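1. need a 3D model of the following:
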Amino acid sequence: MKQKLIFATHNPNKIKEIQELIPPEIDLLSLKDINCIEDIEETGTTLEENAKIKVDYIKNKYGYDCFADDSGLEVDALDGAPGVYSARYAGSEKNNEKNIQKVWENLFDKEEKNAQFKTVIAANINGKEFLCEGKIRGTIIDKKRGTGGFGYDPIFIPEGHSKTFAELGKEVKNKISHRAKAFTVFLNNLKQSQRVKIKE
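-> Have a look, this model is predicted:
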């Protein structure tokens, strides 16, 4: 019998990425699958706090084992902004294009364009709570490239590559991204929960 795990998100792009990474022994469910239609207000000031807010909400209201992530783009020259506010950097409507434009505007007079993507996964599984983190360094460019991915992917070139996340494709991104790194740590914790046998 498969272990059911709730991924506490309404974001279809995140669900697609994690579905590419999840082992077959786990039945991944979204908030839509458990009829949770409400937006869980992310009031935290850090990625860790926001991820935990979502996990605690689902665990307390629905009783499911679950995990949630919060991710952000942290630009060195902007003192780590947009960071926890990445999705709503240019306003509450969470418009990707406006967010990118605001990053460009704030970097206009900056020489340094180094940045990193960071993901934090919070989980409450089999009575055990844990946090997992993944990061990838890279550079912000001043013109969008590529049609894949989402968010800031068209303007972020990860270290060791010449293409943006939006150009690299999901096969490459799912091996090197911040979310993939955090999810690898998450799976290691999941194995140790002894709730499910995950094949190597």
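2. and the helices in this protein?
-> Using DSSP state H, the helices found in the chain span residues 12-21, 47-62, 96-107, 165-168, 170-176, 178-192.
3. in the protein, where is pLDDT below threshold?
-> 1, 193-200 (pLDDT under 70).
4. ok, now with 50
-> 195-200 (pLDDT under 50).
5. in the protein, which residue is closest to the centre?
-> residue 71 (4.1 Å; Cα atoms, centre = their mean).
6. show me the contacts for the closest residue to it other than its chain neighbours.
-> Leaving aside its sequence neighbours, residue 71 sits nearest to residue 119 (Cβ to Cβ, 6 or more residues apart in numbering; 4.3 Å). C-beta coordinates here come from the backbone N, C-alpha and C atoms, glycine included. Residue 119 sits next to 47, 69-71, 133-135, 177-179, 181-182 when contact means Cβ atoms under 8 Å, 6 or more residues apart in numbering.
7. what does residue 43 give?
-> Per Cβ under 8 Å, 6+ apart, neighbours of residue 43: 49-50, 53.
8. could you rerun that using 7 Å?
-> residue 53 (Cβ atoms under 7 Å, 6 or more residues apart in numbering).
9. and residue 119, how close does it get to residue 141?
-> 21 Å (Cβ to Cβ, to the nearest Å).
10. let me fix that, I meant to ask about residue 104.
-> Distance, residue 104 to residue 141, by Cβ to Cβ: 10 Å.
11. tell me the contacts of the closest residue to residue 30 other than its chain neighbours?
-> The shortest distance from residue 30 to any non-neighbouring residue, by Cβ to Cβ, 6+ apart, is to residue 15 (5.3 Å). The contact partners of residue 15, by Cβ under 7 Å, 6+ apart, come to 7, 9, 30.
12. separation between the first one and residue 66?
-> As judged by Cβ to Cβ, residue 7 and residue 66 stand 7 Å apart.
13. buried sites along stretch 151-167?
-> 151-158, 164-167 (16 or more other Cβ atoms under 10 Å).
14. near the residue nearest to residue 83 when sequence neighbours are not counted, how many other residues are there?
-> Nearest non-adjacent residue to residue 83, counting by Cβ to Cβ, 6+ apart: residue 72, 4.7 Å away. By other Cβ atoms under 10 Å, the residues close to residue 72 number 24.
15. in the sheet, who's paired with the nearest residue to residue 89 once chain neighbours are set aside?
-> Using Cβ to Cβ, 6+ apart and skipping the chain neighbours, the partner closest in space to residue 89 is residue 82 (3.9 Å). Following DSSP bridges, residue 82 is listed with bridge partners residue 74.
16. go ahead and confirm residue 82 touches residue 90.
-> No. Contact status for residue 82 versus residue 90: not in contact, 8.8 Å apart, counting by Cβ atoms under 7 Å.
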